[in-house]
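> show me how the following folds:
(2 chains, ligands or ions: 3)
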Amino acid sequence: MLFLIGTNTTEAHPVIGYKIRQAARRGAKLIVADPRRIELAEEADYWLRLRPGTDIPLLNGLMHIIIKEELYDKAFVAERTENFEALRETVEKYTPGYVSRLTGVPVEDLYAVARLYATTDKAMIFYTLGITEHVCGTNNVMSIANLAMLTGHIGRPGTGVNPLRGQNNVQGACDMGALPNVYPGYQRVTDPAVRAKFQEAWGVSLPAGVGLMIPEMFDKANAGEVKAMYILGENPVLTDPNSNHIRSGLARLEFLVVQELFLTETAEYADVVLPAASFAETDGTFTNTERRVQRVRKAIEPLPGRTNWQTIMALCAKMGYPMHYRSPEEIFAEMASLTPSYSGINYSRIEKEGIQWPCPTCDHPGTPYLHARSFTRGKGLFQAIDHIPPAEMPDREYPFLLSTGRVLSHYNVTTLYSAGIQSLWSEEHAEVNPDDAARLGVETGSKVKVASRRGKVVTRVQVTDRVPPGVIWMSFHYRETPTNVLTSHAVDPVSKTGEYKVCAVKIEKI
Amino acid sequence: MDLVKLQIDGKEVEAPAGSTVLEAAEQAGIHIPRLCHDPELSPWGGCRLCVVEIEGMRNLPASCVTTAAPGMVVRTGTPAVIEARRTILELLLANHPLDCLTCEKTGDCKLAEYCYEYGVKESSFAGERHNYGIDDSNPFIVRDLNKCILCGKCVRACAEMTGKDNLDFAYRGFHARVTTFGDTSYLESDCVFCGNCVSVCPTGALMEKQMKGKARRWELKRVKTTCPFCGTGCNFDLCVKDGKIVGVASNPDSVVNGRALCIKGRFGWDFVYSDKRLKTPLIRRNGKFVPVSWEEALDLVAARLKEIREKYGPGSFAALSSARCTNEENYLLQKFVRAVMGTNNVDHCART
Ligand code: SF4
Ligand code: SF4
Ligand code: FES
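Ligands and ions are numbered 1, 2, ... in the order given. Below is the predicted model of the structure:
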């Protein structure tokens, strides 16, 4: 059984979408929870069309039924988890009637899905940004974990909680320590022993305090405290929420370096732009959403004359810190020697087939699924979580709820430079429900102005019942329609992820 | 696993129970020609090129849909078998444009390969030929139904790999063809342009438009790599000629995806050669970007970053690394931020 929540897999992760569809057609049960009638909703045994931002009530409501009907995995809960009583208390008030009112999902469907999920031997949950891009993103993720632990659907093949990572190497960038609080392999920068290890390996003294996360960087740039930035291969002006705040922060910097393939909106603010090499021009590795470390191979010479690792190395040398790698393979080897979860991986082992970390030693086969015998912290901890409504909901002045996401043919921004793909899908088509379209007097192809409290954009519309009445859905791929000037500035307090999925807007025909 | 023992071309062969005769032969290193069979697709048994002789069976059965049974005695190359295969190939050729000199598929065409192997040159069945128009209305796939041999692999790929059910057989007899629902062009159909149908087509009926006129198949250097577009991490081959990428080809040895890809992975690579690619470093002077040498650009970056670090302290610097770049690039960037700039202010757009 497959339970998809907040993931439009066929568009964001097409090949995983194919596999889910194949599994459904072979007889696996499929449950889809999504406000939009996404493609897989049509294949689903149950499609729960919940209101945007009501994932926690839905999940709590399912757990309420599972506990009430004693369908949970008592042995698993007793042996492998803690804090069950707190969870039981919290979900107590999420009765089917209450949950149905909050989410819009019929009571019968809540019962059917709760029973089906709890009584199936193997059930997997998949989620993506539809879950994390909320003020309560971290809580959403923990709620999903609660549900999986409660029913023991974790730590065995064909079970578990599977976040589908958006960009190709999000997993790897996290693993490599491109995060303000950890070195490669999630080793804390605040741990003195870890710091000592890296100091010795790198031959320098290293900072002890946790650094800034992206939203804090731009807050401090706006406040004049962050003075210089180096941005490698990201375009926050187009992809981060509330792009006007990003723009003003970049404009205030004394010095900005952008290393990029194209002169992006972000690069326009740079003092120095360094041309980047693409994936086809370098050797290296990517780590996919299932933690599989796979080879990237150089097919052609770098168009700008050098690869990105050579550029960073040259800069370090000029700043008095020479590095001596002759190839990406040597960089990988150094990283692996300092990163326990990668230390059994090297280029020759992954020549034919990638390996899934953790892989601590060279004779270790890799780890296809986590949490087999214990969780990272020992016992799984249930987190009692209550509903947090989205930070900004529609009101009289801004009556529509705007939600954002990806479309199949585009991948953030790179695909905009593919001539073929551009020729088929070259502009934004905001999805509007037929009822709303009739009231606004628009039809497919009409142009409208969409405005929020933070900004406005012009877009064409597509009239479709994929979206429910009152909701408008847009992607963020197009520079002519920079959707993220509209999105909310609210962030999840823990992960600092922007609330891309929900904000209030008004629509005017033009 | 249960094994069945049988004899193929005089060899004793053991194969897992449930294998087809074709699979059992393959295991013993005996290749049986096939046009409609594909290990990634459901069995179909339509082309009959894989016929063999099996003792005790009256007709020549198609080995790709015959289950291997204990004690079977199979012969894959008897005169009757060869004759049957030649007849099939001659019939196919009777209705096939013989433009192999300029056909894009030359060098990789199964029909041509088997005709060569069986010495089939011209067809003795001269007759009516199709004259379908070529569908190249979309940017990715060229469809030339005149070259279609009705093996149905594209129909199964679309249904079973992609799950789109966009293709099916239509019409009967001489007019039978594979087409989209409503017999439209690919562009007007429900096609999502994954190109999975192209990757299984044995002839030049379905071809990648991007590769048209760019290279002969045997000239291509294939470089296996990982897709740069989403977290699935599909593998494929970049096809390179004279130091330039000309296309993407499925690589069946990909653990994650097999031959299946999506539009981005298969057709999105041309961003690499976009005329908007930056090739030289740029420095802003008087509000305008001017091209400079690498030396000059890096000297300026190093000098300014040193200056700012000294004047305001390491905490005044922050860096964004990239969820699109390789692990090695990310590792180096965070090392630069920590070891050289002396701050932990490094993050990436994992949250976007
Ligand atoms: S490109 Fe994909 S969706 Fe389109 S017909 Fe071929 S297999 Fe089907
Ligand atoms: S081919 Fe498509 S599904 Fe596969 S990794 Fe690339 S973008 Fe993702
Ligand atoms: S390959 Fe066996 S019938 Fe076509």
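
> going forward, measure contacts and count neighbours with C-alpha atoms only.
Fine.

> can you show me the helices along the stretch 1-150 of chain B?
All helices of the stretch 1-150 of chain B, identified by DSSP state H, counting those that start in this stretch, fall at B:21-27, B:79-94, B:110-117.

> now render those helices as JSON lines, adding mean neighbour count and distance to ligand 3.
Listed next are the helices of the stretch 1-150 of chain B as JSON lines, based on neighbours: other CA atoms under 10 Å in any protein chain shown; distance: least, CA to the nearest ligand atom, whole Å:
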{"stretch": "helix B:21-27", "mean neighbour count": "22", "distance to ligand 3": "8"}
{"stretch": "helix B:79-94", "mean neighbour count": "18", "distance to ligand 3": "11"}
{"stretch": "helix B:110-117", "mean neighbour count": "16", "distance to ligand 3": "11"}
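
> quick one: closest of those helices to ligand 2.
helix B:110-117 (25.4 Å; CA to the nearest ligand atom).

> what is the burial count for A:Met142?
By other CA atoms under 10 Å in any protein chain shown, 18 other residues sit near A:Met142.

> contact partners for it?
A:Gln383 (CA atoms under 8 Å, 6 or more residues apart in numbering or on different chains).

> which helix or strand contains it?
helix A:137-150 (DSSP states H and E).

> next secondary structure after that helix?
Using DSSP H and E, the first helix or strand after helix A:137-150 is strand A:160-163.

> does any part of the helix or strand following that next one sit near ligand 2?
Sequence order places helix A:170-175 as the next helix or strand after strand A:160-163, per DSSP H and E. No. Helix A:170-175 lies apart from ligand 2 when judged by CA under 6 Å from any ligand atom; the minimum separation is 12.5 Å.

> other residues contacting helix A:170-175?
Under the contact criterion CA under 8 Å, 6+ apart, helix A:170-175 has outside partners A:165, A:184-186, A:286-289, A:291, B:231, B:321-327, B:330-331, B:348-350.

> so where's chain B shaky on pLDDT?
Residue ranges of chain B with pLDDT under 70: B:1, B:123-127, B:350-352.

> ok, 50 please
Scanning chain B for pLDDT under 50 picks out the ranges B:351-352.

> the stretch 51-200 of chain A too?
Looking at the stretch 51-200 of chain A by pLDDT under 50, you get A:134-136.

> give me the residue from it nearest ligand 1.
A:Asn168 (21.5 Å).

> any idea how far B:Gly152 is from that residue?
33 Å (CA to CA, to the nearest Å).

> got it, and A:Asp395?
A:Asp395 is 54 Å from B:Gly152, by CA to CA.

> next one: B:Ala28
Noted for B:Ala28: a distance of 27 Å to B:Gly152, by CA to CA.

> which one's more surrounded, the two?
Between B:Ala28 and B:Gly152, counting by other CA under 10 Å, B:Gly152 is the more crowded of the two (23 against 14).

> could you find the closest non-adjacent residue to the more buried one?
B:Cys36 (6.7 Å; CA to CA, 6 or more residues apart in numbering or on different chains).

> A:Ala336 too?
Counting by CA to CA, 6+ apart, A:Ala336 lies nearest to A:Ser343, which is 4.4 Å off, once chain neighbours are set aside.

> in the stretch 151-300 of chain B, which spans are helices?
For the stretch 151-300 of chain B, the helices defined by DSSP H, counting those that start in this stretch occupy B:153-156, B:196-200, B:263-267, B:294-312.

> A:Ile154 reaches A:Gly160, doesn't it?
Yes. Counting by CA atoms under 8 Å, A:Ile154 touches A:Gly160, with 4.1 Å between them.

> OK, contacts around the residue of the stretch 51-200 of chain A closest to ligand 1?
Contacts of A:Asn168 by CA under 8 Å, 6+ apart are A:286-289, B:227-233, B:323-324.

> what's stretch B:37-46 in contact with?
Stretch B:37-46 has contacts (CA under 8 Å, 6+ apart) with B:36, B:62, B:64-65, B:151, B:153, B:156-157, B:160-161.

> for those, which one is nearest B:Arg338?
B:Met161 (45.4 Å; CA to CA).

> so that closest one is in contact with B:Asn196, correct?
Yes. B:Met161 is in contact with B:Asn196 according to CA under 8 Å; the separation is 7.4 Å.

> identify the contacts common to those two.
Shared contacts of B:Met161 and B:Asn196, counting by CA under 8 Å, 6+ apart, come down to B:Ala260.

> neighbour count for those two, which is higher?
Ranked by neighbour count (other CA under 10 Å), B:Met161 and B:Asn196 place B:Met161 first, with 26 against 22.

> mind listing what the more buried one touches?
Here B:Met161 is in contact with A:18-19, A:22, B:41, B:196, B:260 (criterion: CA under 8 Å, 6+ apart).

> neighbour-wise, which of those leads?
Using other CA under 10 Å as the neighbour test, the contacts of B:Met161 are led by B:Ala260, with 28 neighbours.

> now for it: which residues touch it?
By CA under 8 Å, 6+ apart, the contact list for B:Ala260 reads A:15, B:161-162, B:194, B:196, B:250.

> any chance of these in JSON lines, with distance to A:Leu48 too?
Shown next, in JSON lines, are the contacts of B:Ala260 (distance: CA to CA, whole Å):
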{"residue": "A:Val15", "distance to A:Leu48": "23"}
{"residue": "B:Met161", "distance to A:Leu48": "26"}
{"residue": "B:Thr162", "distance to A:Leu48": "24"}
{"residue": "B:Cys194", "distance to A:Leu48": "28"}
{"residue": "B:Asn196", "distance to A:Leu48": "31"}
{"residue": "B:Ser250", "distance to A:Leu48": "36"}
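
> dump the residues you listed into CSV; add distance to ligand 2 as well.
Formatted as CSV, these follow (distance: CA to the nearest ligand atom, whole Å):
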residue, distance to ligand 2
A:Val15, 4
B:Met161, 12
B:Thr162, 11
B:Cys194, 8
B:Asn196, 11
B:Ser250, 10
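
> residues from the stretch 51-200 of chain B in reach of ligand 3?
Within the stretch 51-200 of chain B, the residues that sit near ligand 3 (CA under 6 Å from any ligand atom) are B:62-64.

> nearest to A:Ala437 among the residues you listed?
B:Cys64 (53.9 Å).

> residues near that closest one, how many?
Applying other CA under 10 Å, we find 29 residues neighbouring B:Cys64.

> check the one 10 residues further on too.
For B:Val74, the number of neighbouring residues by other CA under 10 Å comes to 21.

> same check, this time on A:Asp109
Neighbour tally, A:Asp109, other CA under 10 Å: 16.

> surely it and A:Tyr46 touch.
Yes. If you go by CA under 8 Å, A:Asp109 and A:Tyr46 touch, sitting 7.3 Å apart.

> quick check: buried residues in stretch A:254-268?
Neighbour counts over stretch A:254-268 (16 or more other CA atoms under 10 Å in any protein chain shown) mark A:254-264, A:266-268 as buried.

> how about the nearest residue to the residue in the stretch 51-200 of chain A that ligand 3 sits nearest to, chain neighbours excluded?
Residue nearest to ligand 3 within the stretch 51-200 of chain A: A:Gly158 (33.4 Å; CA to the nearest ligand atom). Leaving out its chain neighbours, the residue that sits closest to A:Gly158 by CA to CA, 6+ apart is A:Lys122, at 5.8 Å.

> tell me the contacts of that neighbour?
A:1, A:153, A:158-159.

> ok, and the most crowded of these?
Using other CA under 10 Å as the neighbour test, the contacts of A:Lys122 are led by A:His153, with 25 neighbours.

> circling back: list residues touching both of A:Ile154 and A:Gly160?
A:Ala148.

> SS state for A:Tyr117?
helix (DSSP: H, G, I helix; E, B strand; the rest coil).

> how about it: what's its closest non-neighbour residue?
Using CA to CA, 6+ apart and skipping the chain neighbours, the partner closest in space to A:Tyr117 is A:Ala123 (6.8 Å).

> that's a strand at A:Val448, yeah?
Yes. Under three-state DSSP, A:Val448 falls within a strand.

> how many residues are close by it?
Residues lying near A:Val448 (other CA under 10 Å) number 18.

> ok, now which ones touch it?
Residues in contact with A:Val448 (CA under 8 Å, 6+ apart) are A:458-461, A:507-510.
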